[in-house]
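Undergrad: coords please:
(one chain, ligands or ions: 2)
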Amino acid sequence: MNYPIPFTEYCETLVLKLTALRKAVLYILWCTKKPIKAYDVLNNLLKIKPNATPPTVYRALDFFVASGILHKIESIQSYTLCCEPMKQLPTEVLMVCNLCHHVVETYDTLVHALFTKLADLHLFQLNQDAIELKGTCQRCIEKALDFRHWSHDRKT
Ligand SMILES: [Zn+2]
Ligand SMILES: [Zn+2]
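TA: Ligands and ions are numbered 1, 2, ... in the order given. I've put the predicted structure just below:
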C-alpha cells in the first residue's frame, strides 16, 4: 500500500519498528481526527487487509499505547494519537468532550508535580500515562449557545 507523504514523514519521526500491520493500524488512527474504537479500527483495517483479526488489532494498539504514540481513553473505550509522542510526557491531561468525544490534550509541569507528590505521600506507584477530564468542548458550548439564541429570537 502507498501511504501519503505526510504520513510517511510522520512515521519517520517515530523511532519505532513498524511492521506492515502496525503501519496500517497507525494510518487508520492518523486519518481519523477523533478517538476511534478498536472495533472501528478493525473494520477499517479489513478493507485493506481482509485477513486481519481482532487479536492482531489489539496487539498493535497495545504496542502503540505502550510506546506513547496512542492514548487509550478509558472513559469512552477509544484510541487517539498523542499530539507530542516524541516528548514522552508523563501525566498528560486529556479533556474529553461528553457530547462529541473531541479530545484536547495538554500538559502542565505543576499538575505532574502535584500527582507525583500525592502518589509519594501515599507510597503509591503511578503507572498511568494520562489523566482524563470529562466535560464539554468549546465547539459544543458555542453550538448550545447559538441554539439558545436562535430559539430565543424565534419566540420574540
Ligand atoms: Zn499525548
Ligand atoms: Zn464537543
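
Undergrad: average pLDDT for stretch 83-102, rounded please.
TA: For stretch 83-102, mean pLDDT rounds to 90.

Undergrad: that one close to ligand 2?
TA: Yes - residues of stretch 83-102 contacting ligand 2 under Cβ under 5 Å from the ion: Cys97, Leu99, Cys100, His102. In this view, the C-beta of every residue, glycine as well, is placed from N, C-alpha and C.

Undergrad: and the least confident helix or strand in the chain by mean pLDDT, what does it pack against?
TA: Using mean pLDDT, DSSP states H and E, the weakest-scoring helix or strand in the chain turns out to be helix 138-155, at a mean of 82. Counting contacts by 3 or more Cβ pairs under 8 Å, 6 or more residues apart in numbering; DSSP states H and E, helix 138-155 packs against no other helix or strand.

Undergrad: repeat that for 10 Å
TA: Other helices and strands packing on helix 138-155, by 3 or more Cβ pairs under 10 Å, 6 or more residues apart in numbering; DSSP states H and E, are strand 92-97.

Undergrad: partner strands of the helix or strand just after the strand it packs on, with direction?
TA: The helix or strand immediately downstream of strand 92-97 is strand 103-106, counting by DSSP states H and E. When sheet partners are counted by DSSP bridges, strand 103-106 sits next to strand 92-97 (antiparallel).

Undergrad: could you tell me the angle between the strand it pairs with and helix 138-155?
TA: Between strand 92-97 and helix 138-155, the angle comes out at 20 degrees (axes from the mean of the first three to the mean of the last three Cα atoms, to 10 degrees).

Undergrad: what does this protein put close to ligand 1?
TA: Counting by Cβ under 5 Å from the ion, the residues of the chain close to ligand 1 are Cys82, Glu92.
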